[in-house]
Each structure stands twice: as structure tokens, then as C-alpha cells.
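**Student:** I need the structure of the sequence given here:
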Amino acid sequence: MLFPHSLACITELIPRDRAVKTILKHIEIAFRHAIVYPLLKLFFRNPIRNDRVAVSSVSRLLILRDDGIGDMIVSTPMLRKLKEANPSLKLDVVASARNAEVIKHNPFVDELIVLPKTVGGLWKELRRLRSKRYDMVINFVFNRTTAEGILANIVASKGIKVGQGMDKYQFYFNRLLKLDRSQKHMVEVLAGVIDDVFGTDYQHAVLQPEVFIDDRSHSAADSFLHRHHLSRRDARTQGQHYVVINFSAVDVVRRMSEQQVVNIVKLIRAMGKEIPVLIYPPSERIKLRTIFSRLADGEALVFPEEGTATLLELASLIEGSRYVVTCDTSVVHFAAAAKTPVFVLFTPTAAKNHEWTPYGVPHACLYAQLGSGVDSLSIDLINRELTSFLARVE
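**Tutor:** Just a heads-up that it's a prediction; the model follows:
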């Protein structure tokens, strides 16, 4: 399944030599088109099926969503819609190790599948999935068509396989969709996939992302709030409300600077009674210490105080927050699922479309200039836009 990407891995080992990297990239593309695709076409024979399928006629359906955390969250409305349309449907989801927790307690998923990393374990799991005899596989991973196409053919050789992309990928699927992603949110794009396949009209329905949080995760967040005399925004108990701030992201260009974070904390404290609570990944501990060295004692809190928090513990904290301030990362979609207002600092590439903006929740988005990262956004601009956002939230 990973063979077509082997040369891509080689190119990542030589990031400093652009010329060599470009040459290897062209070799990889030629390798795929001259050898990989023709070879796979001999094995994967999928007759084109452009007719719509009644969802009531599908007994077993597999969704491929083994990519990012936010990707899984925006897919959750489709899980509900499919199960509501056919309550007897056996709906399984292939997730990644990093996003599986998002749907761990989702009542609309019959089996959550994370593929093993070892060759032996993977082979055994693929054989087990193949024995399920899926009627249909739908690929929701849009940037890894070859790997997902091979997976779909292995586990459901006789089932209907649905994907999207360029014509060269047609042989992987019975139904290859052409999606308009220019003006729609990703929730609506995924709804369009379901509409095309089953003849539904979900693009115009209420499509709210949702994350189901277990009692243990709620308890972990509540213990933190109780220790600091904080209360959730809809709680009847006495205590100060709080605001979640996330300053980190995987990509460097999406991360806030220390100065931006310090400024946002001080602005929130000056404007209201909420206590800022900073969340962070373990890799940002040094940056976190720098931020707190520039704040007064008690001016902000940090969650978790020790160790690491699970995704669902963070989701529970966000669910009770008055609002969220974050850069472009999965926290945006956790806030949408919790119906928590959110203020987002985006890179300029996000301004070109609305796929990954907050969905179905009050929000404001601030975009960096072309060629610049989030850390280039001026303090004055952030203050002005955040003040306006808070006025609307109030």
C-alpha cells in the first residue's frame, strides 16, 4: 500500500538541495505513471457505476478517514446522517492513531479501525476486514488517493468503491467524483459526496460537527476547573468563567508568537472577568515557560498542569469555555463541535477558500498577509479584531 510513495520518502531526506529534490520528484511522478498505475490496473478492475444507490440497500459501509484530527471532526455529521437514514447499517470507520479518539464514543460508528503498523499485523487486519464483505467503501481522504484506493480494493474487492480526484485515479474506484471545493466548507463538501452517492439532500440540512465526550474526560477537566474555582459557561455553580487559548500548530507558519499570546492574555483580562487557560502540546513547553515569564502570577492558567491531556479532555475543556482563541488547527473544529464561539488567526492560504473555517458557530477569522505566517499579524490588528469579536459574543 505504501510502495507508490517510496520515492516521495526519499525526497524528504534531501530538503536542502532543491535541484535534487525536484529531479527526484519528477522521477517519482514518472515512476507512478509508467509502472505503478499500469501494473495496478491489471489487478483492480472496477466497472464504472454512476447510478445512485439507495442507502437502505447498503448493509455494510466502510468510511476511510485515517488522516487528521480536524478532518475526522468535520466528517462526524455524515456518520449521523447515514445511520439515521439506515439504522440497520453497519458503519465502520478506518481512522488514524491520532484522530481515532475523536470518534471513540460516537454512537453512530459500529467499529473503529486503526490499522497496525507492523507488516504481519497489517496483513492479518486486512484479511479480517476483507471477510466482512463490505457493500461499499467511501474514501474521505482527499490527499492520499493511491494508498486509500489500494486499501479499498483489498478490503472490498467486490464492493462499490467511491473516491474523488483526477481521471487517472478512476481504476481504483467504481465511482470517481469531481468535487467543487472552491466556495464550500469541508462539511458541505463531504455532504455533497453523500448526496452524489445516495441521492440525498444533506448539503442543505443542519450539519453540526459533534464529539462525544466520556465521563472520565469530563471528570479530568472538571477537576482542573474545581481546583481553580472556575465554572463552565452554562453551569449554575459559582465561579469565574474561562477562555481557552491555543497558540500552537504543527506548521510553524500557523503558530502564534510569544508576544501575541501575552498580548491576547492581557487584553482578555482587561476586558472581562474570564480567566485565560492556555493549552499546548508537549513540544511547546519551552515556549510556554517564556510566555508565563512575561505574565503576572495568576494572570493565566495552563491545562494540563502536569503531563499531557487527551483529545477528549481538551474537548471537554473547550466545551465549557466562554470562547476560544486559536491559530489554525484542530482546536477550531473542536470549538465548532462544542458550539463554542471561536476567534481564529489564519495563514493567508486559508483566505482562498472556506473549507476549514469554523462551521455552525459564531466566529471571526483574521488572515495574515500573503507570504507571511500567523506570527506576522500586528498586535494592534489583533486587539482591534478581537475586541470587536468579544463585543459580538457578549
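**Student:** that's a helix at Ser316, yeah?
**Tutor:** Yes: with DSSP: H, G, I helix; E, B strand; the rest coil as the criterion, Ser316 is located in a helix.
**Student:** so who does the residue lying closest to it once chain neighbours are set aside touch?
**Tutor:** Leaving aside its chain neighbours, Ser316 sits nearest to Ala221 (3.9 Å; criterion: CB to CB, 6 or more residues apart in numbering). Placement of C-beta: from N, CA and C, glycine included. Taking CB atoms under 8 Å, 6 or more residues apart in numbering as the definition of contact, the neighbours of Ala221 are 303, 313, 316-317, 320.
**Student:** same thing with Asp67?
**Tutor:** 96, 99, 141, 143-144.
**Student:** Check whether it sits in a helix, strand or coil.
**Tutor:** Three-state secondary structure (criterion: three-state DSSP) places Asp67 in coil.
**Student:** Per-residue pLDDT of it, please?
**Tutor:** For Asp67, the model assigns a pLDDT of 95.
**Student:** Do I have it right that Val114 meets Ala97?
**Tutor:** Yes: proximity of Val114 to Ala97 meets the contact threshold set by CB atoms under 8 Å, at 5.7 Å.
**Student:** So those two - more neighbours on which side?
**Tutor:** Shown here are Val114 and Ala97; by other CB atoms under 10 Å, Val114 has more neighbours (15 against 10).
**Student:** Would you map the strands across the chain?
**Tutor:** With DSSP state E as the criterion, the chain has strands at 60-65, 90-95, 111-114, 136-139, 160-164, 175-177, 242-246, 275-279, 301-303, 324-327, 342-346, 363-367.
**Student:** With distance to Ala191 as extra columns, can I get those strands in JSON lines?
**Tutor:** Compiled in JSON lines, the strands of the chain are given as follows (distance: least, CB to CB, whole Å):
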{"stretch": "strand 60-65", "distance to Ala191": "14"}
{"stretch": "strand 90-95", "distance to Ala191": "16"}
{"stretch": "strand 111-114", "distance to Ala191": "22"}
{"stretch": "strand 136-139", "distance to Ala191": "12"}
{"stretch": "strand 160-164", "distance to Ala191": "13"}
{"stretch": "strand 175-177", "distance to Ala191": "12"}
{"stretch": "strand 242-246", "distance to Ala191": "27"}
{"stretch": "strand 275-279", "distance to Ala191": "30"}
{"stretch": "strand 301-303", "distance to Ala191": "33"}
{"stretch": "strand 324-327", "distance to Ala191": "25"}
{"stretch": "strand 342-346", "distance to Ala191": "21"}
{"stretch": "strand 363-367", "distance to Ala191": "20"}
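**Student:** For Asp195, find the nearest of these.
**Tutor:** Distance to Asp195, taken as CB to CB, is lowest for strand 175-177 among the strands of the chain, at 10.2 Å.
**Student:** Stretch 86-93: which residues count as buried?
**Tutor:** With burial defined by 16 or more other CB atoms under 10 Å, the residues of stretch 86-93 counted as buried are 86, 89-93.
**Student:** likewise stretch 308-325?
**Tutor:** Across stretch 308-325, burial judged by 16+ other CB under 10 Å covers 309, 311-325.
**Student:** which among those gets closest to Ile63?
**Tutor:** Within the buried residues of stretch 308-325, the smallest distance to Ile63 is 18.9 Å, found for Leu311 (CB to CB).
**Student:** Could you pull up the residues touching the residue nearest to that closest one when sequence neighbours are not counted?
**Tutor:** Taking CB to CB, 6+ apart, and ignoring the residues beside it in sequence, Leu311 has Glu101 as its nearest neighbour in space, at 4.6 Å. With contacts taken as CB under 8 Å, 6+ apart, Glu101 has the following neighbours: 310-312.
**Student:** Which members of those residues are positioned in helices?
**Tutor:** With helices identified by DSSP state H, the entries of the contacts of Glu101 that belong to them are 311-312.
**Student:** Go through the contacts of Glu101 and say which is closest to Arg181.
**Tutor:** Using CB to CB, the shortest approach to Arg181 within these belongs to Leu311, at 26.0 Å.
**Student:** For the stretch 251-394 of the chain, which residues score under the pLDDT cut-off?
**Tutor:** 351-352 (pLDDT under 70).
**Student:** just the helices in it please.
**Tutor:** 258-271, 285-293, 311-320, 331-338, 379-393 (DSSP state H, counting those that start in this stretch).
**Student:** Please tabulate those helices in a markdown table and include distance to Pro358 as additional columns.
**Tutor:** Written out in a markdown table, the entries for those read as follows (distance: least, CB to CB, whole Å):
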| stretch | distance to Pro358 |
| --- | --- |
| helix 258-271 | 17 |
| helix 285-293 | 24 |
| helix 311-320 | 12 |
| helix 331-338 | 5 |
| helix 379-393 | 12 |
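**Student:** Kindly compare burial across these and name the winner.
**Tutor:** With neighbours defined by mean count of other CB atoms under 10 Å, none of the helices of the stretch 251-394 of the chain is more surrounded on average than helix 331-338, at a mean of 27.
**Student:** Give me the residues contacting that one.
**Tutor:** 69-70, 73-74, 76, 208-211, 244, 246, 279, 314-315, 318-319, 321, 324, 326, 341-342, 344, 356-361, 363.
**Student:** which of those residues count as buried?
**Tutor:** Among the contacts of helix 331-338, those classed as buried by 16+ other CB under 10 Å are 69-70, 73-74, 76, 209-211, 244, 246, 279, 314-315, 318-319, 321, 324, 326, 341-342, 344, 356-359, 361, 363.
**Student:** What pLDDT does the model give the most centrally placed residue in the chain?
**Tutor:** In the chain, the C-alpha closest to the average C-alpha coordinate belongs to Gly70, at a distance of 1.3 Å (CA atoms, centre = their mean). Among the per-residue scores, Gly70 shows a pLDDT of 96.
**Student:** right, and it touches Glu355 too?
**Tutor:** No: in this structure Gly70 lies outside contact range of Glu355 using CB under 8 Å: 10.3 Å.
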